[in-house]
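Enquirer: fold the following and give me the result.
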Amino acid sequence: MNASPPAPSRAHRFAHGMLWTTLGQFSVFAVNFFTIPYLVNHMGLELYGLYVLLHTAMNYLMVTNLGAGAGITKFVAEFAAAREYGRLRQTLRYGAWFHGLGALLGAAVLLACLPWILRSFNIPAPLAATAAFVLTCAAAAAVFFAFCIYSSTALQGLHRFDLSSGFALLSNLLVPLAVAGAFLTGHGIKTAACGYVAAHVLSAAAGLLVLRKILPRGAGQEASAFPLQRFSRYCFGLSLGPIAGLLIYQFDKILISQSLPLNELTLYSVPSGLIQRVQSVAATIANVMTPMMSEISRPEHAATLRRVYIKSTRALLLTILPGLTLLFVFMPNLLNLWLGQEFGDRSTWPARFLVLAAVFYLLSMTPSIAAASREKTWYLSASAWLQAGLCILLWLWLIPRYRILGAAIGACLAQAATVSLYIVIIHRRVLRLSWAEFLDQSLAAPLISAAALLAVTLPTHHLASSWLRLAAMGTAALAVYYGSAWLLLPSADKALIQALLRWRGRTPADPPLP
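Expert: Next up, the predicted model:
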């Protein structure tokens with residue numbers, strides 16, 4: 001009998017996962033790009049506002065899963081790699097309880113707080129009953145959405161990013177189609193809200209069925225039971241981070257709306273939202289690294305973890321940094337062409353400081369995944385809360401003096417200070433990685449290429465006075481970036497890229513772990 005072919009290497013699995021997650025992100029963006037105008041036109045601004053409230057409330061309730069999503073991905077990947085299938089199934093059972101009970105608790109809190117929420121959002125009296133019904137539907141949908149996340153994180157832990165991305169696309173198709181169908185058939189927002197719940201019921205059922213179908217069978221290697229205490233400690237260590245994230249990415253807008261005219265909130269929020277979409281793409285790509293690093297999280301794999309960390313950081317920067325650099329350079333051109341001269345004149349420098357903050361956020365992603373893979377989850381939450389505290393202090397000082405520019409500078413300074421300290425701590429206490437090695441092997445090629453891009457485009461960016469010129473100059477700038485990056489890449493990376501471009505189905509396997 002012929003031996004089975006070796007499993008693909010981590011580099012190939014990373015490239016494969018990154019391809020699928022990127023395609024999934026662009027597909028979701030395309031679905032929203034085409035469905036949002038239809039919904040706004042048929043619902044009107046007021047009812048669409050209720051739909052946004054429905055979606056926002058449901059997403060905020062996901063904070064109540066207490067970090068279980070990341071816990072599932074980490075431990076499923078670790079135990080699948082070790083063929084400890086009994087522990088893998090225990091992980092899935094723990095994760096199901098965390099997601100289910102957390103969502104039920106969040107839904108109960110939302111329903112209990114309904115009167116306060118209706119007053120806080122200043123909803124008109126004629127729409128109060130409808131809004132209460134819509135938020136009740138949000139509470140119901142959150143329970144099923146929790147199991148959508150449960151299935152997706154488990155699929156990622158099993159390295160099935162193709163299924164995870166397809167599942168995300170299915171969910172993002174069903175929801176707007178259900179809502180749009182309600183208005184297309186002459187029904188109102190209440191029917192649309194019920195359709196919203198039904199779409200999440202179907203998505204959750206589909207995810208659970210797919211997960212059950214591909215779950216590894218058999219006993220695997222004998223192993224002791226996986227203690228709930230270890231899973232809980234890991235998840236609780238992550239659970240405080242998302243709450244701090246709400247402060248980091250929302251409290252600046254609250255302070256602006258309270259102390260500045262409403263038009264300045266728009267001038268700040270539009271470029272902020274654009275940059276956060278780029279960050280979400282980066283975060284999605286970074287999720288591919290989580291199961292890889294979790295497979296090699298044990299103490300005897302320290303050298304392998306450092307090597308994967310260095311390569312992953314370099315790959316993430318080479319993928320996302322050129323886009324952020326282009327945004328920094330061409331921000332005035334983009335805003336002028338998209339929203340008008342006045343908007344561009346007033347928003348360019350606040351937006352550029354937000355881009356710089358996004359660069360530091362990008363640098364924090366792989367250290368966070370490395371720390372989480374070693375179960376050092378409290379580092380992540382502590383870093384997030386330190387950044388949130390710095391942000392609030394800087395905003396309270398800078399916004400009254402420098403308006404929206406002060407808000408952007410405060411976000412940038414807080415991100416830079418926190419991430420710099422965070423990287424030092426993770427490198428010293430988790431990875432045992434020197435700065436010289438990190439700068440030489442992870443940062444050199446991406447940063448030198450970014451400097452080359454800036455040198456070419458900054459003196460000439462004013463020439464991008466039309467969409468066609470902007471596209472042409474951006475394409476030329478990317479050619480400069482990746483051309484210089486190719487010259488600086490290690491030979492192993494060049495060989496991998498060439499192999500991926502010649503994709504033949506059979507890929508080299510990783511060397512055996514110690």
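Enquirer: and the next element down the chain from the host helix or strand of residue 388?
Expert: Assigned by DSSP states H and E, residue 388 falls within helix 377-426. Toward the C-terminus, helix 377-426 is succeeded by helix 435-438 as the next helix or strand (DSSP H and E).
Enquirer: show me what the helix holding residue 388 is packed up against.
Expert: Helices and strands touching helix 377-426, as assessed by 3 or more C-beta pairs under 8 Å, 6 or more residues apart in numbering; DSSP states H and E, comprise helix 228-259, helix 262-287, helix 341-373. Any C-beta I mention is one placed from the backbone N, CA and C, and that applies to glycine too.
Enquirer: please identify the most buried of the ones you listed.
Expert: Ranked by mean neighbour count under mean count of other C-beta atoms under 10 Å, the helices and strands packed on helix 377-426 are led by helix 341-373, which reaches a mean of 22.
Enquirer: how far does it sit from its chain's centre?
Expert: Taking C-alpha atoms, centre = their mean, to the nearest Å, one finds helix 341-373 lying 13 Å from the centre of the chain it belongs to.
Enquirer: that helix vs helix 377-426, what angle?
Expert: Interaxial angle of helix 341-373 relative to helix 377-426 (axes from the mean of the first three to the mean of the last three C-alpha atoms, to 10 degrees): 100 degrees.
Enquirer: helix, strand, or coil at residue 39?
Expert: helix (DSSP: H, G, I helix; E, B strand; the rest coil).
Enquirer: surely it is in contact with residue 51?
Expert: Yes - with contact defined as C-beta atoms under 8 Å, residue 39 reaches residue 51; the gap is 6.8 Å.
Enquirer: average pLDDT for stretch 94-114?
Expert: Predicted confidence along stretch 94-114 averages 90 (mean pLDDT).
Enquirer: then it to CSV, C-alphas only?
Expert: Written as CSV, here are the backbone C-alpha positions of stretch 94-114 (Å, rounded to 0.1, in the frame of the first residue of the first chain):
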residue,chain,number,x,y,z
TYR,A,94,-16.7,23.6,26.9
GLY,A,95,-16.9,26.1,24.1
ALA,A,96,-20.5,25.3,23.4
TRP,A,97,-21.4,25.9,27.0
PHE,A,98,-19.5,29.2,27.1
HIS,A,99,-21.1,30.5,23.9
GLY,A,100,-24.6,29.4,24.8
LEU,A,101,-24.7,30.5,28.4
GLY,A,102,-22.9,33.8,27.6
ALA,A,103,-25.3,34.6,24.8
LEU,A,104,-28.3,33.8,27.0
LEU,A,105,-26.9,36.0,29.8
GLY,A,106,-26.3,38.9,27.4
ALA,A,107,-29.7,38.6,25.9
ALA,A,108,-31.3,38.7,29.3
VAL,A,109,-29.3,41.8,30.2
LEU,A,110,-30.4,43.5,26.9
LEU,A,111,-34.1,42.7,27.6
ALA,A,112,-33.8,44.0,31.1
CYS,A,113,-32.2,47.3,30.0
LEU,A,114,-34.7,47.9,27.1
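Enquirer: next, the angle helix 262-287 makes with the helix holding residue 388.
Expert: The directions of helix 377-426 and helix 262-287 differ by 80 degrees, with the same axes, to 10 degrees as the criterion.
Enquirer: shared neighbours, residue 39 and residue 51?
Expert: A shared contact of residue 39 and residue 51, defined by C-beta atoms under 8 Å, 6 or more residues apart in numbering, is any residue touching both; here these are residue 179.
Enquirer: look up the closest residue to the most centrally placed residue in the chain, ignoring the ones flanking it.
Expert: With distances taken as C-alpha atoms, centre = their mean, residue 283 lies nearest the centre of the chain, 3.4 Å away. For residue 283, the nearest residue in space outside its immediate sequence neighbours is residue 365; the separation is 6.9 Å by C-beta to C-beta, 6 or more residues apart in numbering.
Enquirer: swap in residue 437?
Expert: Closest to residue 437 by C-beta to C-beta, 6+ apart is residue 310, at 7.4 Å.
Enquirer: pLDDT on the strand or helix carrying that neighbour, on average?
Expert: Counting by DSSP H and E, the secondary-structure element that holds residue 310 is helix 302-339. Along helix 302-339, the predicted local confidence has a mean pLDDT of 90.
Enquirer: then stretch 165-176?
Expert: In this model, stretch 165-176 has an average pLDDT of 77.
Enquirer: for residue 289, give me phi and psi.
Expert: Its backbone dihedrals place residue 289 at phi -70, psi -20, with angles given as degrees, to the nearest 10.
Enquirer: also residue 113?
Expert: Here is the backbone geometry of residue 113 (degrees, to the nearest 10): phi -90, psi 10.
Enquirer: ok, now which ones touch residue 351?
Expert: Going by C-beta under 8 Å, 6+ apart, the list of residues near residue 351 reads 271, 272, 274, 275, 327, 331, 335, 408.
Enquirer: sorry, back to before: so the helix holding residue 388 versus helix 302-339, what angle?
Expert: On the basis of the same axes, to 10 degrees, helix 377-426 is oriented at 90 degrees to helix 302-339.
Enquirer: doesn't residue 134 make contact with residue 53?
Expert: Yes - in terms of C-beta under 8 Å, residue 53 counts as a neighbour of residue 134; the distance is 6.7 Å.
Enquirer: which SS state does residue 95 fall under?
Expert: At residue 95 the chain is in helix, as set by three-state DSSP.
Enquirer: burial measure for it, as a count.
Expert: Residue 95 is surrounded by 27 other residues when neighbours are defined as other C-beta atoms under 10 Å.
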